[in-house]
Each structure stands twice: as C-alpha cells, then as structure tokens.
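My questions are about this predicted structure, shown below with the sequence.
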2 protein chains.
Amino acid sequence: MHPRFISSTLTGSARAVKAAVSHPRVPTMAFTTPTSRRLFHTSPWTLSVNAPEPVPEVVHSSSNPPMAFPCVDHLEQRTKKFLQSFDGGPEPSYSNPVSGYSLYHHNEPFLMDHGGILPKFEIAYESWGELNADKSNVILLHTGLSASSHAKSHPANLAPGWWEKFIGPGLAIDTNRFHVICTNVIGGCYGSTGPSSIDPKDNKPYATRFPIVTIFDMVRAQFEMLNSMGIKKLHASVGASMGGMQSLAAALLFKERIGKVVSISAAARSHPYSIALRFTQRQVLMADPNWNKGFYYDKVPPHSGMKLAREIATISYRSGPEWEQRFGRKRSQPMTTPSLCADFLIETYLDHQGERFCLQYDPNSLLYVSKAMDMFDLSASFSAETALRRARNTLRLQEGMGSSAPANAATPPEEQAAACPTGVAPPDQNVSNTSHDDPKFQLSDLKQGMSTIKDIPTLVLGIQSDILFPVWQQKEIADCLRETGNKSVTYYELDSMYGHDAFLLEVVNVGSAVKGHLELKE
Amino acid sequence: MHPRFISSTLTGSARAVKAAVSHPRVPTMAFTTPTSRRLFHTSPWTLSVNAPEPVPEVVHSSSNPPMAFPCVDHLEQRTKKFLQSFDGGPEPSYSNPVSGYSLYHHNEPFLMDHGGILPKFEIAYESWGELNADKSNVILLHTGLSASSHAKSHPANLAPGWWEKFIGPGLAIDTNRFHVICTNVIGGCYGSTGPSSIDPKDNKPYATRFPIVTIFDMVRAQFEMLNSMGIKKLHASVGASMGGMQSLAAALLFKERIGKVVSISAAARSHPYSIALRFTQRQVLMADPNWNKGFYYDKVPPHSGMKLAREIATISYRSGPEWEQRFGRKRSQPMTTPSLCADFLIETYLDHQGERFCLQYDPNSLLYVSKAMDMFDLSASFSAETALRRARNTLRLQEGMGSSAPANAATPPEEQAAACPTGVAPPDQNVSNTSHDDPKFQLSDLKQGMSTIKDIPTLVLGIQSDILFPVWQQKEIADCLRETGNKSVTYYELDSMYGHDAFLLEVVNVGSAVKGHLELKE
C-alpha cells in the first residue's frame, strides 16, 4: 500500500477553512530583543525571517525557516553589556544590595571545620525590638540559603524584609517581648565574609580559595558575635530551611545557651534527593565558562549559569499543585506557534525567577553555602569526627603551623581512626563498612547525636507539599528528639500547597505555631 | 567581651589528638583526569597543589590554597578532544548507536501539526514475533523520550533492548501470540528523520530548521508506516511515559484502528511541574555555547549542556526513597575533604548518568521531543484547533503554496476563531478568557476530548513514587475515560520506589498487568 498524504483526521469543515484562508492579509509583527528590533513580515503562506547571526546563509533554501531564540540572544546581549561596562565602568557587586546592617568584626583567626582558615571575618546583622537589661530576651533568627540579614524593615532600610509579616509588635516574633537578631551567614555575600570578600593575605577576592564552610562553622561564627555582645543565653534559636539546620546545630553545639528551638522545613541530615537537587544547580553554574573556576570578580560573572541554577532551585521550592492552580497549561502568548524559549506561563515564571536572581547573589556563595547544606548531619559519629578535626586544627593554629585545609586532600587514616571520642567507629576505606550502611545504625547514630538537644523545647514544622525537605524528614527530627527523651517536642504538619516556600508565605499557619512555641511558659 | 578563639566544642581528648598528629607523614595521593595526571603531595600540615591553569599566580600567598575542579577540567578536555578530532577526524554521529533496524521510507511531503513540512521522512523500526495472515495480531509499542526502536534483542542486533524482559515467548508481550513493532519517533535520532537528518532541500542537517513536532505528528507518521504495511487495525497500542502519550494519541486519532490501549506513567495533558522540569533541561542545553542555536553538527557538540540536562532529568526519573536506600549519605571518597565536584555517591551517580548520555543522543532531538511532551493535551479544544490547523495546512500544500510554519509566528486571529468545530471557544488574547482558566471547564474539555476512546479497553498504570508523571495524572486519565462511558478501564497504582523509571524495572508488577490486559478476552 502506498503511503497516503491526506491526514486521516482531516474531518469536515474544509470549505469553511478554505474560506477563512482565501483572503491573504499581510500583518506585520514586531519582536523586540533588548538591543535590536526584528521584524517578521508575514503573509499567511510565506514568511521571511531576519535570521539571527549564527544561522548559515542557507536560511531561505531550507524546507522550513529557522527558529528564533530570543532567550539565547538575551543572554549574549547581557554578556556583551558586561564586557562594554569594563571599559572604565564599575565591576558588578554582590555585597551591597542590602544596606543598613551593622557589622561585627572578628579580628582573630577562625578555623573552619574542614581545616581552612579565615584570618579575620565580619558578620552583617540587623536587629529589631529592645534588648532587655539582663540580655535574656534574644531570638537569633537564621536565614535560608540566599537570604540576607534583612528579615524586617527598619529605619536604616525601609525595604520589606524576607519575614516582614512575621516580626513586629504582636506578630509571630513579638518585638514588644523579644530582641531579634538576624545575621548574614559567613560564606554569604550580603555583608558577611564570603568568597567575594578580600583575602587580607593578598588583597584579592578569596574566590574558590575560600575554605569549605559548614553549617556548624556558620553557627560558631554567630556565637563569637553573641559573645562579643555579652549575650550568654538565647531565648530561642529560630530558622527555616537552612536556617532550621542552623537552629538545630546551635542547640547541638551550645545546648546551655539555647532556651528554645524552632526548626521549620529543615533536616537532621541532608538526604540524597535534596543533595541531588543542589548538585545539579552547582554543576550548571560551574559549567558556565564565565564561572572560570570561581575567578570572575573582575570579569563577566556567570550570569547565565546563575539564572539556570535558580530556575532549577525554583522547581524544588514550590509544588505541582500550586502551579497547576496558578499557571495550568496557559501560554504566555497563545496566538504564536510554540517556542523552545519560555512559552508556557510556568516557563516565563521560572525565567523571571532566574532573571531576578542571577546578578543578585554571588555565584561562589551559592556553591559554598549549598554545599554546606549537603554536608549537614547531626549524627554522633559526624559530630565526633568534626570535633576531632576542630581540636586538631586548633592545636595546629596554637603551634603556629598556620593554614590550611587543602582542596580535596585526604585526611590521614590514623586521624580518621582517632576521631571517635564517643566510641563510634569512623568509616574505613579499606574495610567493608557494612555497619555504617545499615539504616538502623544510622538512625541510632542520629539519635545519639541529637540527644544533646533532649532538654530544649523544640518546635518542628513540616509542609506536606515540600519536595526539598519532605515531611518525613521533619518527622525524623521530631521522632529522634522524642526518642532521646525530649518531653517537649511540638510537631506540626501543614497542608499548604506552597511547598518549601511555605515558610515565607503562610503567615498565619506558620506564624501561630512559632508564636505559641516562643511564648508558652514551660 | 572579646571574641574567643577556642571552639566551645573542643571537649576532652586533646592529648590523644596531639599524639595522633605529632608524627608527620608524607602520603602521596594520585588523581587522574582523562588526559593528565595530577599529583597531590600531602603532609598533615601543608599541601602544595598543582594548580589548574586559570588560577592566578597568587596561589601560595593566599590564606588557603585554591580548590581543584577535576569535573570542570574533564569537560574542557572533552571539548579539546573534539577540536582535535576535526583535524581530519570524523564528526560525532548520533544516528547509528543502534543497528539492525528496518526503515520505512515516506517519499511524499508530510505536514506537521504546527505547519512545518517534511518533504519526505523515514521511520526506523524493529519487530518481534510472527505477523499472522490477516495482520490482526500487531502491537505497536511506543517509546519514551530518548529510547530507540531497539526494545528487544534480535539476530540483527543482539544487544539487550530497553524492554528486553517484557517482550518474548510467554512474557508480558507474548511473541508467540503477537507481532510487536517498535519505532523510533520522528524528531528522534536513532534512524528516524529528526533535526540531525539532512534537509533534502539543501543537503544540510535540518538542525533548528526542523519543524516543531507534536506527539500527534509522531503517531500520524507511524500510521503512514502501518498503512504501507497493510496493517488496518492494531491489537493494541502500548507505551509508557511519552510512549503512553502516543498510545492515547493513537486511540484519539485512529479509534477504529486500535483494539486496546496501554498507558503507563503517562498523562492526558502535561502539567506545569513536568513542563518546568523539561524546560530547565532545555534551557541548560541551549545555554551551552557549543549548542550554537542548533547548528553544531560540524562542530563541537554541546556535550556539557547535554550532560547537565541528563543529570536534571535523572532526578525526575527516580525517587527519594530509592536513593535513600541505595546511596544514603555515602561519599565516593570518604577520606578526602569535601569537593564541589561530584562528592557524595548520589552525585557520582548523576555524573555517571550524564556522562553516559551526553554523546548518545542528539541534543536537538532532546529539545524537539521534550517540547512535544510539554504540548501534549487530549482536550477537545486542543484537538479541534489542531484539526483546523491540519486542514488549513493540507489545503495549502494541495494548492502548491509550499512550506511553512514560521518560527514563533502568530496564528491569524480569524483562524484561531474559526478553529472550533466542536463549539469550544478558542482562547482570545484581547478578551479575558476566564472560562478557559476555570479548572471545571478544563476538566470537561478534557473529558470531551477523551470521549473518542470510550469504546477501547484501556489499561492505565501509575507509580506512586513518580514525580514526573504523578499518580494523580494517571487517575485523571482513568477517571476521564470512565466518566465518558468507557466500561473497560483497568486502573492500577504500583507502590514501587523506582519512580518514573519503574516501567523499565518492575518486570513482574508492570509485566503482569500488561499481559493480563493484552490477553484478556473482552
């Protein structure tokens, strides 16, 4: 049988169609890119396209015209603009999109958990509410990955903060009762020392010479700041997402100094699915040729890689049900033929999120801080190994051996073996470490690690639609705490459809739980 | 209070630590990249690193040594290898990793749903089991996004196929009973006409001059092939993932020619979350400078972008629980300090998946075929608009107006308005289309569209851990079919932890359901 051409779905109404197409019009449609204007002169039958530059000269002799890629042109244009700006123009800065913060200066060397060193560091912080006479009403608020210390507007910076509606008189964190302090983490780029900061040793940006930073490093640095302020004990350590990790880490490291803990959409240890989601973001960023192994501070920044990383991150921050309701299958320009650039509304939304973020946050900070989240683990064996490393490095500094933790260097096996004051055997490369692969061992290891927090009232809050920090991880935190004897664990699951971002959006549901926990007398 | 240096977690055993670190050793660790060997000469205190080239000369004067990025070096090395191979070497080919397939040649013009044209096309196909005398025992097996026609080994290609254990005597698709045909889709790169094929008009690869392709285009092309084979009616149309979309699309387009339908982990219409996941993959690929707007066939292919796209895809193909069990928090080299390249086992797994795929599949095919999935919709209004476009384009071809659908061109509003033979009003840019935004309207639109399939026994199979095609979408297919009066809908949910990939792995659970459905007399 010979193949037939006419589509078998060509059913009826051919006459109507013919009528509809028998009056050729010559509409003109303008399409604008940031720097050039392309005109598509169309007739119903043929279309000549002003082809983008890289398309070969065969355009008009092909069976179909080439597609336009305004999204690719846009990225190229931005790179060109950066190159032009270097002719005497200023280089891009990540360190000052936030203003009106205070600075804590730490002028002694600070050793990081993985052996790197900061000869000195700064922490940007902001605060709200009055500090009482005995300094006992302090709430330390920890941020998520990319947030600054600007959690709430104040006279020195009137812009709304990231928890604007949660902090204030009578609100979830009541500034009539509490003195709230929020910091930018070390490793970040909003005023605290991070990869974009200047290494005092050579007066050039650290870039990827910045040492690997952990959640525990961030918290230890915060407590150096609290020491300098004379704050001995916090009323509460509060945080969501990475901030929840910090909140728990603070309780583990400084149990005597924490009154209460709030952990929202966090984890007791990062699970492989969330590591995978962050890994792809880092890889996408590092694959941008402009990333240049982190040395881009006087060059074009990896804006394209950052945009893509944020698009991927955004998928993990929200939920399918929300997007189903908000965007459905709507297209941004329903009258046009489909495009490989942003086309459906959900795509333009992701594109917009990437655009907003790509020059707002330092790419190297993203790498370091997201890696810190991956490494987070409250298990006893992990804490023991870390404590030993810290002790070793402290001795090293005291003995004047100077820096430093090498990139990708091996820890000598003897030290790995010695790294277990709590009696938990460390992993051994040469011996099958079946015991460590056993989920039962891992869970009891985690419980042992978290037993430090057994006397601190803790609120654990999870969101059922959260993919990045799923509720089973919230339940794990709560269960571990309860099973180690913590009699004051409050555990709530919210049915919000906002996924991981719910902690920013659910003012009433999240806010009430936080307020109740902070203010209940126990 | 002055900041103190000693970590407050430095508890006990300092003497043991001191003893452990007082005997310096000089271990040597070798690290190999594909082309060079780097040696890290380590001592417990200092480490000199053979720095990668782009690192500035300040290496040894900084507070910490720079990190190594072997993953970035690896990508650069591969680009260099490609560049070297062009000095007389062959260009990379995607079209022949599969061998032993047959070719259907369609030598007449074929109009695509969005107005593009293929002057001719080819379909690669393979088959198993005997075709009976009246050609009534045919099962058309549709593939997922990146699969070839090689579903099962056979004498001309002994390599195991992607459904090796599902097809054969006595197996889920019993080759003692059925003649199974599997094709590579048009738009693909495993023998069927796609972007890497030669445009007969100028003898150069189509690249992104290939027309936008839809799931319905793929199916219409398959049925042209069936026509040529004299196969009037299929015993069943079977597929998973994108193959399930095709399976349903075939029933919608050719209801008289389909005996039964199997749809596994598919969708009646793509939802925004799955569109988002595919969008990021496309954007990552298109951001690779080597993609060059699709014109890379005689140049370095966008191997880096493809690798990243596959890493993202892999996250959507599996599930958290599987990775929790399989990888947990294990690191690939537990004795080394953390790295920003692949470090945890889950990361090396993703890296490996990306490596395997990045030169195996044509990047442009990924763009076109994944876009086809995004656009898929069985709603009545969508079918009506498509049918009108097809009719219009058919007339155009008959009248010798030639190609073609412009890239990103607008459909004249009059034709949009006329595009509704079933009485469903099309979206209008200038009028608030609230009715179309109403989920109730959308659901009834979908039911109306799927009512065509009401007489075809259909098996709908979903996986509870599937993120990409969640079970609620499987339930949507089953419910719509039932509510339009289909009395023979079988709906199963599997509790497999393999996520979307379960259809490739759950031989018994998926296989039994398929076998039962195909062989039950109704």
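Structure received.

ok, the closest residue to A:Gly239 other than its chain neighbours to B:Gln283 distance?
Nearest non-adjacent residue to A:Gly239, counting by C-beta to C-beta, 6 or more residues apart in numbering or on different chains: A:His142, 3.2 Å away. Using the backbone N, CA and C atoms, a C-beta is placed for each residue, glycine as well. Separation of A:His142 from B:Gln283 (C-beta to C-beta, to the nearest Å): 32 Å.

Then A:Asn184?
Separation of A:Asn184 from B:Gln283 (C-beta to C-beta): 29 Å.

Also A:Tyr361?
18 Å.

for A:Asp113, same thing?
Separation of A:Asp113 from B:Gln283 (C-beta to C-beta): 35 Å.

which of those two has more neighbours?
Neighbour count, other C-beta atoms under 10 Å in any protein chain shown: between A:Asp113 and B:Gln283, B:Gln283 has more, with 29 against 25.

surely that one meets A:Arg310?
No. Contact criterion C-beta atoms under 8 Å: B:Gln283 and A:Arg310 do not qualify, at 11.0 Å.

Can you show me the strands along the stretch 351-500 of chain A?
Applying DSSP state E, counting those that start in this stretch to the stretch 351-500 of chain A gives strands spanning A:458-463, A:489-494.

now do the stretch 51-200 of chain A
Using DSSP E, counting those that start in this stretch, the strands of the stretch 51-200 of chain A run over residues A:102-106, A:110-111, A:117-118, A:121-128, A:138-142, A:167-168, A:173-174, A:179-183, A:198-199.

Tell me which other helices or strands the third one touches.
It refers to strand A:117-118. strand A:110-111 (3 or more C-beta pairs under 8 Å, 6 or more residues apart in numbering or on different chains; DSSP states H and E).

got it, and the first one?
Other helices and strands packing on strand A:102-106, by 3+ C-beta pairs under 8 Å, 6+ apart, are strand A:121-128, helix A:215-229.

Put the alpha carbons of it into CSV.
Taking Å, rounded to 0.1, in the frame of the first residue of the first chain, the C-alpha atoms of strand A:102-106 are listed here in CSV:
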residue,chain,number,x,y,z
SER,A,102,25.6,46.5,61.4
LEU,A,103,28.9,44.7,61.3
TYR,A,104,30.6,42.5,63.8
HIS,A,105,34.3,42.4,63.3
HIS,A,106,36.2,39.3,64.4
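
That one pairs with which strands?
In the sheet, strand A:102-106 lines up against strand A:121-128 (antiparallel) (DSSP bridges).

relative to helix A:215-229, how tilted is the strand it pairs with?
70 degrees (axes from the mean of the first three to the mean of the last three C-alpha atoms, to 10 degrees).

which residues sit against strand A:121-128?
A:98, A:100-106, A:110, A:148-152, A:154, A:157, A:167-168, A:175, A:179-184, A:186, A:190-193, A:197, A:221-222, A:225 (C-beta atoms under 8 Å, 6 or more residues apart in numbering or on different chains).

mind checking how far the longest helix anywhere in chain A is from the chain centre?
Looking across chain A with DSSP state H, the single longest helix is helix A:380-398. Centroid separation for helix A:380-398 versus its chain: 27 Å, with C-alpha atoms, centre = their mean, to the nearest Å.

packing partners for it?
Contact partners of helix A:380-398 among helices and strands, from 3+ C-beta pairs under 8 Å, 6+ apart: strand A:110-111, helix A:413-418, helix A:439-450, helix B:14-21.

For the closest residue to A:Asp351 other than its chain neighbours, give me its contacts.
Computed as C-beta to C-beta, 6+ apart, the closest residue to A:Asp351 that is not its neighbour in sequence is A:Ala342, at 4.3 Å. Residues near A:Ala342 by C-beta under 8 Å, 6+ apart: A:71, A:332, A:348, A:350-351, B:279.

Would you mind listing which of the residues you listed are buried?
Among the contacts of A:Ala342, the ones that count as buried by 16 or more other C-beta atoms under 10 Å in any protein chain shown are A:71, A:332, A:348, A:350-351, B:279.

and those residues as TSV, adding pLDDT?
Formatted as TSV, the buried ones among the contacts of A:Ala342 follow (pLDDT from 0 to 100):
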residue	pLDDT
A:Cys71	93
A:Ser332	91
A:Thr348	95
A:Leu350	95
A:Asp351	95
B:Phe279	97
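
Distance check, A:Asn227 against chain B.
From A:Asn227 over to chain B the distance is 5 Å, taken as C-beta to the nearest C-beta, to the nearest Å.

what about A:Ser228, neighbour count?
16.

I meant A:Arg177, not that one.
Residues lying near A:Arg177 (other C-beta under 10 Å) number 18.

That one touches A:Glu519, doesn't it?
Yes. Between A:Arg177 and A:Glu519 a contact is recorded at 7.2 Å, counting by C-beta under 8 Å.

re the thing from before, quick one: which of the contacts of A:Ala342 sit in helices?
Short answer: these in helices (DSSP H) are A:71, A:348, A:350-351, B:279.

List just the nearest of those to A:Asp217.
A:Leu350 (32.0 Å; C-beta to C-beta).

wait, what's in contact with the residue positioned nearest the centre of chain A?
For chain A, A:Leu145 is the residue whose C-alpha lies nearest the centre (C-alpha atoms, centre = their mean; 3.5 Å). By C-beta under 8 Å, 6+ apart, the contact set of A:Leu145 is A:241-242, A:366, A:369-370, A:373.

and what of A:Leu350?
Taking C-beta under 8 Å, 6+ apart, we find A:Leu350 in contact with A:311, A:314-315, A:342, B:276, B:279-280.
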